[in-house]
Every structure is written in C-alpha cells, then in structure tokens.
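Chemist: Here is a sequence together with a model predicted from it:
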Amino acid sequence: MTTDSTPYTVTLVTLFPEMARAITDFGVTRRAVDNGQLQVETVNPRDFTEDRHRTVDDRPFGGGPGMVMKVDPLAKALQSARAANPAATVIYLSPQGQPLTQAKAEALAKQPGLVLLAGRYEGVDERLLDAEVDEQISIGDYVLSGGELPALVLIDAVSRLIPGVLGHQDSAEQDSFSGEFENLLDCPHYTRPEVYNGQAVPPVLLSGNHELIRRWRLKQALGRTWQQRPDLLERRRARGLSKEEQQLLDEYIAEQSS
Ligand SMILES: NC(=O)c1ccc(NCc2cccc(O)c2)nc1
C-alpha cells in the first residue's frame, strides 16, 4: 500500500501492451487511474531486442513443440520496470503459480506496487524466473495463450482494495470474500422493480430493518456456500462459526429439506 497521495503502481511486462487498456479504459479501474490512485505502465520486451528481427522467442532445448521466451529481452525489460518502482514485487503469471485468493490480493494491495510478467508461447527460460521473479501466481488450473489476462485479473482484484477506489469503502469489506463474509459466497442482490415477471423481491429487504436484513444476507451467504462450495464452508468452520452463523445455517438447511 502507498500513502493516499502516491498511486499504487503496476508495471505490466508484455508483448501486447495495448491489452492493459482493459484496465485503464473502463469502469472502476479507469476512475482509479484518472484519480491518480492507480498507475498502470507497460514495458514491451521486444523494445529490448538487439537483432534486426527483434527476436523474443526461440526453440526449446531438448526439443518439443512451441517456442520459449528468451532471457535477455525479458531481463532487460524487467530491469527497466524495476527501475520505475524498485520496491515492487515481481510476479510471473503461470499455471505453475500459487493460486490467487482474496487474501493474496489483500496482501499485494499492501505492497508498494507490482511488476507483472506476462509470458507467451510455452513460457519463459527458467533462468529468468530464478534470477528476476519473486513469486508465481496462477488464476486457476487452466492454460491460456498468454499471461496478460491473468495479470489483468490480478490488477483488478488488487486495485479495488486500494482505499477510496471503490468509493463506498464498505463495499470492499462487504464482499463475499472479505470481512464478515470472508470465505463465503455472496448473498443475492435485488433492485427495482419490486416485482418482475411475477417474482417479488424478498420482503425483508424492503423492511428497513437493518438487523433483520444483515441476518438474512448472512443466512443466504452461509446457505449458498453450503450448497455450492462446501470446501469454502469447511474453511470457515475450521475458523469456528459463531452461534448466530450456525443457527442461520441450520435454519437454511431445514428450509431446503421442507
Ligand atoms: N492459470 C494461469 O494463471 C495462467 C497463466 C499464464 C498462462 N499462459 C501463459 C503461460 C505462462 C507460463 C507457462 C505456460 O504454460 C503458459 N495461462 C494460464
């Protein structure tokens, strides 16, 4: 995290810098950039090549399909990225990385900034990872054509945790994965009209009784987690459910079987 005046700086090392526009040109993250809370820079390894063909990849030693990204252009690009933010954490997005979680995003939001390396082809020369990368992160157990989309996912997840970015600070805390709802799925959301296609909004949400509404939302979050993601509920249980949470969950389960 930075003091509230200096922006949280992310430098994306990528062969396709225009992809960063998905963050800088839309929505909450665009507003964070315009407000000076978030800074997204890009560095293209191709600008650090010295041959006429601006070569960034080559055939793998040991044979096999595809190409591997060369160390030298990446090392120079990373050095340039680090120069702008020396204290930044250098992360390589890859299927071999540690899974991205909300807790990880919160930890990274507290750092002075990030340098994100997006690989293409079959990945990068291992010697680059050994020398220049602090940690590897995966956004899920699947392979994409490049690390750019995972990098953008990571930037989005971290950016919304920067104080003031979401505007209504509570909304970050009320997220399904943080605060009281930590490790729970989200509760249902409704807005006008009160009746749509004969389906009415749950009356408790129109009651103005904030304590009843909080309980209803917590019950829904617990119940949906029990239904869709018992693994998450187990994690929550390991941390101990409060008396209220256990009672709400029991009520939800009883209603399901009635
Ligand atoms: N699950 C992820 O976070 C993720 C990240 C990157 C990626 N593609 C680039 C790449 C990079 C390294 C090795 C490799 O095999 C493919 N695909 C999926």
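Modeler: On my side now, so go ahead.

Chemist: name the element residue 51 belongs to?
Modeler: Residue 51 belongs to no helix or strand when assigned by DSSP states H and E.

Chemist: count of neighbours near it?
Modeler: Neighbour count for residue 51, taken as other C-beta atoms under 10 Å: 8. Yep, even glycine has a C-beta here, placed from its N, CA and C like the rest.

Chemist: cool, and the one 4 residues further on?
Modeler: Neighbour count of residue 55, defined by other C-beta under 10 Å: 13.

Chemist: cool, and residue 78?
Modeler: 23.

Chemist: do the same with residue 231
Modeler: Neighbours of residue 231 (other C-beta under 10 Å): 9.

Chemist: Please tell me how far it sits from the ligand.
Modeler: 19 Å (C-beta to the nearest ligand atom, to the nearest Å).

Chemist: Also residue 77?
Modeler: 16 Å.

Chemist: heads up, I number from 11, so please use that
Modeler: Sounds good: first residue 11 from here, last item residue 87.

Chemist: The residue of the stretch 161-268 of the chain found nearest the ligand: what's it in contact with?
Modeler: Residue nearest to the ligand within the stretch 161-268 of the chain: residue 163 (8.0 Å; C-beta to the nearest ligand atom). Applying C-beta atoms under 8 Å, 6 or more residues apart in numbering, one finds that residue 163 lies in contact with 110, 149.

Chemist: That one - that's part of a helix, no?
Modeler: Yes. Under DSSP: H, G, I helix; E, B strand; the rest coil, residue 163 sits within a helix.

Chemist: For it, give me the pLDDT.
Modeler: Per-residue confidence (pLDDT) for residue 163: 98.

Chemist: Also residue 255?
Modeler: Confidence for residue 255, expressed as pLDDT, is 98.

Chemist: that's a helix at it, yeah?
Modeler: Yes. Looking at residue 255 with three-state DSSP, it is inside a helix.

Chemist: Enumerate every residue touching it.
Modeler: Residue 255 neighbours (C-beta under 8 Å, 6+ apart): 228, 232.

Chemist: residue contacts, the residue nearest to residue 41 when sequence neighbours are not counted?
Modeler: Residue nearest to residue 41 in three dimensions, not counting chain neighbours: residue 175, with 7.7 Å by C-beta to C-beta, 6 or more residues apart in numbering. Applying C-beta under 8 Å, 6+ apart, we find residue 175 in contact with 38, 39, 41, 42, 45, 47, 48, 169.

Chemist: With residue 83 instead?
Modeler: 55, 56, 58, 59, 65, 66.

Chemist: just checking, next helix/strand downstream of the helix or strand containing residue 39?
Modeler: In this assignment (DSSP H and E), residue 39 forms part of helix 37-44. Downstream of helix 37-44, the first helix or strand assigned by DSSP H and E is strand 48-53.

Chemist: and after that next one, which helix or strand comes next?
Modeler: Taking DSSP H and E, what comes next after strand 48-53 is strand 67-68.

Chemist: Can you name the next helix or strand after that next one?
Modeler: Assigned by DSSP H and E, the successor of strand 67-68 is strand 78-79.

Chemist: Give the other helices and strands that that following strand contacts.
Modeler: With contacts taken as 3 or more C-beta pairs under 8 Å, 6 or more residues apart in numbering; DSSP states H and E, strand 78-79 sits against strand 67-68.

Chemist: what are the pairing partners of the strand it packs on, and which direction each?
Modeler: Here strand 67-68 has these sheet partners by DSSP bridges: strand 78-79 (antiparallel).

Chemist: All good on my end, thank you.
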